[in-house]
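Student: fold the following, please.
(2 chains)
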Amino acid sequence: MLEQQLLNALTLGSVYALFALGFTLVFGVLAVINLSHGAVFMAGSYAALFLVTRFELPLWAALPGAALFSGLLGLLVDVLILKPLRARNAPHLIPMIATIGVGIILTSAAQGLFGAEIRRFPEEILPAGEFTVGEVHVRALEIAIVAIAFALMGLLLWVLRGSQTGRALRAIAESPKAAWLLGINVERLFHVTSFVAAALGGVAGVLIGLDFNAITPQMGQPILHKGIAVIILGGMGDIRGALIGGLFLGTAEVLAKGYLSSQMGDAIAFGLLFLILLLRPSGLFGRVLERKA
Amino acid sequence: MEAFGDFWSTYSTLVYSVGVHMLLALSIWLTLSCGLLSLANAAFMGIGAYVGALLTLNLGWPFELVLLAAGAAPALVALVIGAPVLRLSGVYLAMATLAFGEVVRVTALNLEITGGPEGLNGIPLATSGWHIVAILALTLYGLHRLRRSRVGRAFEAIKEDEVAARLMGIDVDRHKLFAFTLGAMIAGVAGALNAHFTFFISPREYGFENAVDILTMTVLGGTGNLAGPLMGSAILTLLPELLRFLHDYRPMVNGAVLILVVLFLPKGISAALRRPPSQREDTPGTASTAAAQAAVEAAEEPATVLAIQQVGKHFGGLQVLEDVSFIVPAGGIYGLIGPNGAGKTTVFNLATGLLAPNGGRIEFAGRDLAGLAPHRITRLGLARTFQNIRIFGEMSLLENVMVGMHHHLDYGPLALLANSRACRAAEARARARALELLSWVGLAHKAGMEADELSYGDQRKLEFARALATEPRILLLDEPVAGMNPAEKTALMAEIRAIRDRGYSVFLIEHDMRFVMGLCDRIAVLNFGRIIAEGTPEEIRDNPEVIEAYLGREEA
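Tutor: All right, here's what the predicted structure looks like:
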C-alpha cells in the first residue's frame, strides 16, 4: 500500500516540480513572481485538448504543440507587460500585480471558450498499458508522465549548468546590470526565460490533465498556490530547491490524503508553507539565488 | 417614491455591496500605505463574517455587538500572526499572507461549526443602510485623521525607506503591526455587514480571488489618497452590472483593468483626475523658536558623548573592525577618517544599532547601547545621515522634517481622533519647529516641495534638518561632502560649524583630508579595521603611520 502511495507521490511530485521549475526560473532571472503561471498551466492543457479533439493529433504531437502555445503566451506577457514595467523601473510588487490580471484574463477566456464544466481527453488516445510489480499497480501513463517531467527538468538543468546561455542566465540572476555591461543581451534572455518557463508550465498542465483526465478553467489556481509553496520550500529562485521541493510536497500531500483525510492534503501544503516562511524564509535547502529587488 | 421603491428593491444589495467593498478597499489601503502588500484581508473578512454569523445564529447577540466581535476576532488573529509574519518583506509577505488566507479557507471548509463547503445559511438580514453609512463614515474619518498625524507620516516614511524611518526614532514593527491589525478589523466588520445582507456565506467567498479583487479596487483607485479606494471599489462593483452581456467573459474586464492601470496609471485613477499639485501643504508662515530646548540639553551635557570601547565586528570570516576604541567628546566636531573599505560606515551602523558588534561596548552619554533597537537609540539623542542620501522622496520637505519629530509628538489615539486642542497644538508646534530647522539650512522657502525635486546639495541639507528634528545630542554625518564641488564643500563646512555652534556634537566620517583637517577638533584614523592614530589635526598630519597608510598615497 505504501509502495502504491509512493508511486502516486512520485507522479504528482514530478509534475509539481516541473511546474515550480518554470515559476522559480522566472523569479531567479526576472525577479518577478509570475502569478499568471497557473493560468498558463491551464492554457497548456486546453491547448493539448484542442489539438487532440479538433485536429485529431496524436498525444506525442499535441504535447509540443501545447508547450509552444503556452511558451508564446509567456513571451507575450513579457513583451507586452513586463518589459514596459522594467523600462519604468517599477517596484517589484507591481509586475506581480499585473500578472494577477493576466491570470484573470486567461481563466475567464478559457471559461468563455470552453465552458466551466470539466473537459476530458478521449479515453482511446491515452496510453492504455498497465502492469503490476509486486503489489503495486502501475499505469503506462504514470511512467510516461514521470519520464517526460524528469527528462525536461534534466534538460533544463543541463542547459543551465553547461551552456553559455546557462552561464549568462546565472550572471543575470546575480546582477542584470553587470550582465548587461558584460555584453550579454539581457532583454533577449528575459524573453527566452519567459518562453521556456511558460512552456514548462504548459507541459505540466497537459501532464496533470492526463493524470486526472480532468481539465477545468479553474485548474491553474490550486497548482499556483502549490507552486508558491514549492518555491518557498526550496528557496526562491533555487532550481534544485524547486525540484526537491516539488517531490517533497507531492509526497506530503499524497501521504496526508492517504492516511489522514482527503481535505488535509491542501491544508498540509499551506501549513508547511506558512511554517517555512516564519522559520526559514530562505528555504529549506540552503543556497538561494535570490536577487535583491 | 414608488419608482425609488422599485429601484431599491432591485438594487439595494448592489448599493450595500459598494459600501462593503469600500470598507475592504480601505482596509487594504491602510496596509499598503505603510508599504505592506498583504493578501490576508479576504481571510480577515471571512473570519469576521463567520464569527458574526455564528454569534447571530447561535447566540442571538444584538447586531451592534456582533459587529464589534466581528471586528475584534480578526484583529486578534492579526495581532498573533502579525509579529512573525510582518518580519517578512515584499513578495515574501505577500506569499505568507496568501498562504494564511488559504489556511483560513481550508479550515472553514473542514470545520463542522462553519458548515463545511455548504457554508452558513439563513443568516438574518440585520444590516441596514445606516449601519453601512455610519461605519464607512467612521472609518473614513478615522483614517483621514490618521493620515494627517504623526502616525500617517510614519507610515509613509516606512513605505519609502524602512531603515531611514527606524533612524528617525520610529518603531517600525509596531506601526506595521498596527496597520495590519486595524486593516484586519475593518475587513472583519465589512465581512459581518456583508454576511447579514446576503443571507448566506461559504468558504468560496474568502479565497485568493477575493483577496485579488480587493487589491484590484485599491490599485485601480490609487493609494495616494483616501478617495482612491472609494472610487476603485465603486467602479469595480458597478462595472460588472453594466457588463452583464459579456457573460463568462466578464472577469476579463477586471483583469484588463488591473493590467492597464498598472501599465498606464501607476498612481491610480484618483491621482490621474487630480490637478497637478503646485505646492503640497501650505507655504511657511513665521517660525516660532523652540531652540531653547537644545540649549537646555547642551547645559547638562556630560563631557563624553560617544565612547567606542574595544569594538570588533566580522561578517562571516571577514574581520571588518578589530579592537576599535575612541571617545567622541561633547560639543566639538570629531572626524573618523580612513581609506575606502576601512570600516568607517560599519562604525556608524554599530553606533546606530543597525548592526550588533561581535565584541566590545558602545556607550552613549554613559549608557550602554547593547541590544537597543535603532529607534530607541535615536530617541536617546543620536541621529545620522547617510553617504547615499536617504530622504523620503515623495514627501514634502516639511513632512520629511516632521517625521524626525515623531517621538516628540506624544498625543494619544483618542486625542488624535477627537482632533483635540492638545493634538492640534502639538502638530502646530512641530510644524513651526520643522520650518525653523528648514530655515536654518536655507530651505524654508521650499518647504512644500517634494523632496525628490531638490538638487543633490539641497537634499543633503534636508537630511541635516531631518536629523536635527530628532533633537539629537550628537549628529553622525556619513561622508557629508561626497560628490560635492569645492564651493559646495566650503559652504557645507560653514553649515556644520553652525550646527556645532548651536550646541550639537558632530561626529563625521570622511575621506576628503583637506575637509576634515580644516573642520575637526579631533580625528581618529581607521585602517583595515584598526585605529592607527587619534589626536588633533596637527598630530594626525605628522603621524608617520597615517602618512604611510593614507596621506602618502594622496600626495604621491
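Student: so which strand or helix has the nearest residue to residue A:186 once chain neighbours are set aside?
Tutor: Spatial nearest neighbour of residue A:186, chain neighbours left out: residue A:180 (4.8 Å); criterion: Cβ to Cβ, 6 or more residues apart in numbering or on different chains. The way it works is simple: take the backbone N, C-alpha and C, and place the C-beta from them, glycine included. Counting by DSSP states H and E, the element that carries residue A:180 is helix A:176-181.
Student: buried stuff in that helix?
Tutor: A:176, A:179 (16 or more other Cβ atoms under 10 Å in any protein chain shown).
Student: so what touches that helix?
Tutor: A:168, A:171, A:172, A:186 (Cβ atoms under 8 Å, 6 or more residues apart in numbering or on different chains).
Student: now do the strands in the chain.
Tutor: Here I'm looking at chain A. For chain A, the strands defined by DSSP state E cover A:130-133, A:136-139.
Student: nope, chain B please
Tutor: B:304-315, B:318-329, B:333-337, B:359-364, B:367-368, B:382-384, B:474-478, B:505-510, B:522-527, B:530-535.
Student: so which of the ones you listed comes closest to residue B:130?
Tutor: With Cβ to Cβ as the criterion, residue B:130 lies closest to strand B:382-384 of these, at 49.6 Å.
Student: and the closest one, which strands flank it?
Tutor: strand B:474-478 (parallel) (DSSP bridges).
Student: switch the contacts of helix A:176-181 over to CSV; also include neighbour count and pLDDT.
Tutor: Below are those laid out as CSV (neighbours: other Cβ atoms under 10 Å in any protein chain shown; pLDDT from 0 to 100):
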residue, neighbour count, pLDDT
A:168, 20, 87
A:171, 17, 85
A:172, 24, 86
A:186, 20, 87
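Student: next step: the residues you listed restricted to helices.
Tutor: A:168, A:171, A:172, A:186 (DSSP state H).
Student: residues touching the first one, list them.
Tutor: Going back to what we said before, that points to residue A:168. A:179, A:184, A:189 are the contacts of residue A:168 under Cβ under 8 Å, 6+ apart.
Student: can you redo those residues as JSON lines with pLDDT?
Tutor: As requested, the contacts of residue A:168 are exported to JSON lines (pLDDT from 0 to 100):
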{"residue": "A:179", "pLDDT": "82"}
{"residue": "A:184", "pLDDT": "84"}
{"residue": "A:189", "pLDDT": "89"}
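Student: sorry, back to before: distance check, the residue nearest to residue A:186 against residue B:199.
Tutor: Going from residue A:180 to residue B:199 by Cβ to Cβ, to the nearest Å gives 58 Å.
Student: residue ranges with poor pLDDT in the chain?
Tutor: Let's take chain A. For chain A, the stretches flagged by pLDDT under 70 are A:262-266, A:281-293.
Student: the chain in question should be chain B.
Tutor: Residues of chain B meeting the criterion pLDDT under 70: B:1-3, B:274-302, B:550-556.
Student: identify the residue nearest the geometric centre of it.
Tutor: residue B:158 (1.9 Å; Cα atoms, centre = their mean).
Student: spit out the contact partners of that one.
Tutor: The neighbourhood of residue B:158, defined by Cβ under 8 Å, 6+ apart, consists of B:34, B:35, B:165, B:170, B:172, B:175, B:176.
Student: in the chain, spot the helix with the most residues.
Tutor: Chain wasn't specified; assuming chain A. helix A:2-30.
Student: actually it's chain B I care about, not the one you picked
Tutor: Longest helix in chain B, counting by DSSP H: helix B:2-32.
Student: okay, buried residues for it please.
Tutor: B:16-32.
Student: before we move on, what about stretch B:238-249?
Tutor: B:238, B:248.
Student: hmm, who's touching that stretch?
Tutor: By Cβ under 8 Å, 6+ apart, stretch B:238-249 touches A:108-109, A:111-112, A:115-116, B:14, B:18, B:250, B:252-254, B:257.
Student: what's the spacing between residue A:60 and residue B:367?
Tutor: Distance from residue A:60 to residue B:367, by Cβ to Cβ: 75 Å.
Student: okay, these two: which has more neighbours?
Tutor: residue B:367 (11 against 8; other Cβ atoms under 10 Å in any protein chain shown).
Student: grab the nearest non-local neighbour of that one.
Tutor: residue B:380 (6.7 Å).
Student: that neighbour touches residue B:365, doesn't it?
Tutor: Yes: assessed by Cβ atoms under 8 Å, residue B:380 is found in contact with residue B:365 at 7.0 Å.
Student: and the contacts of residue B:158, which of them are in helices?
Tutor: Filtering the contacts of residue B:158 for helices - DSSP H - leaves B:165, B:172, B:175, B:176.
Student: tell me how many other residues crowd the second one.
Tutor: It refers to residue B:172. Residue B:172, neighbours per other Cβ under 10 Å, totals 21.
Student: contact partners for it?
Tutor: B:158, B:162, B:165, B:166, B:375.
Student: which residue, other than its chain neighbours, is closest to the second one?
Tutor: Distance criterion Cβ to Cβ, 6+ apart; nearest residue to residue B:162, sequence neighbours excluded, is residue B:172 at 5.8 Å.
Student: and the gap between that neighbour and residue A:279?
Tutor: As judged by Cβ to Cβ, residue B:172 and residue A:279 stand 22 Å apart.
Student: can you give me the helices in the stretch 101-250 of chain A?
Tutor: Secondary structure of the stretch 101-250 of chain A by DSSP state H, counting those that start in this stretch: the helices cover A:140-162, A:164-174, A:176-181, A:186-212, A:220-234, A:239-259.
Student: out of those helices, which is closest to residue A:32?
Tutor: Between these, helix A:186-212 lies closest to residue A:32; by Cβ to Cβ that is 9.1 Å.
Student: report the buried residues of that closest one.
Tutor: In helix A:186-212, counting by 16+ other Cβ under 10 Å, buried: A:186, A:189-211.
Student: what angle do it and helix A:2-30 make?
Tutor: 160 degrees (axes from the mean of the first three to the mean of the last three Cα atoms, to 10 degrees).
Student: distance between helix A:186-212 and the chain's centre?
Tutor: Relative to its chain's centre, helix A:186-212 lies at 7 Å (Cα atoms, centre = their mean, to the nearest Å).
Student: follow-up on the earlier one: next up, the contacts around the residue nearest to the residue nearest to the centre of chain B when sequence neighbours are not counted.
Tutor: In this structure, residue B:158 finds its nearest non-sequential neighbour in residue B:165, 4.6 Å apart by Cβ to Cβ, 6+ apart. Counting by Cβ under 8 Å, 6+ apart, residue B:165 makes contact with B:154, B:157, B:158, B:172, B:403.
Student: can you put these in CSV and add distance to residue B:487?
Tutor: CSV is the format used below for those (distance: Cβ to Cβ, whole Å):
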residue, distance to residue B:487
B:154, 37
B:157, 32
B:158, 36
B:172, 38
B:403, 30
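Student: mind listing which of those are in helices?
Tutor: Going by DSSP H, the helices hold B:154, B:157, B:158, B:172, B:403 from the contacts of residue B:165.
Student: from what I can see the last one touches residue B:153, true?
Tutor: Yes: in this structure, residue B:403 sits in contact with residue B:153. The criterion is Cβ under 8 Å, and the distance is 5.1 Å.
Student: any idea how far residue A:116 is from residue A:216?
Tutor: Distance from residue A:116 to residue A:216, by Cβ to Cβ: 7 Å.
Student: which one's more surrounded, these two?
Tutor: Of the pair residue A:116 and residue A:216, residue A:216 is the one with more neighbours under other Cβ under 10 Å, namely 20 against 11.
Student: any idea how far residue A:253 is from the more buried one?
Tutor: Residue A:216 is 19 Å from residue A:253, by Cβ to Cβ.
Student: go on, residue B:156?
Tutor: With Cβ to Cβ as the criterion, residue B:156 and residue A:253 are 43 Å apart.
Student: quick one: which of these two has more around it?
Tutor: Using other Cβ under 10 Å as the criterion, residue B:156 and residue A:253 rank with residue A:253 on top: 24 against 20.
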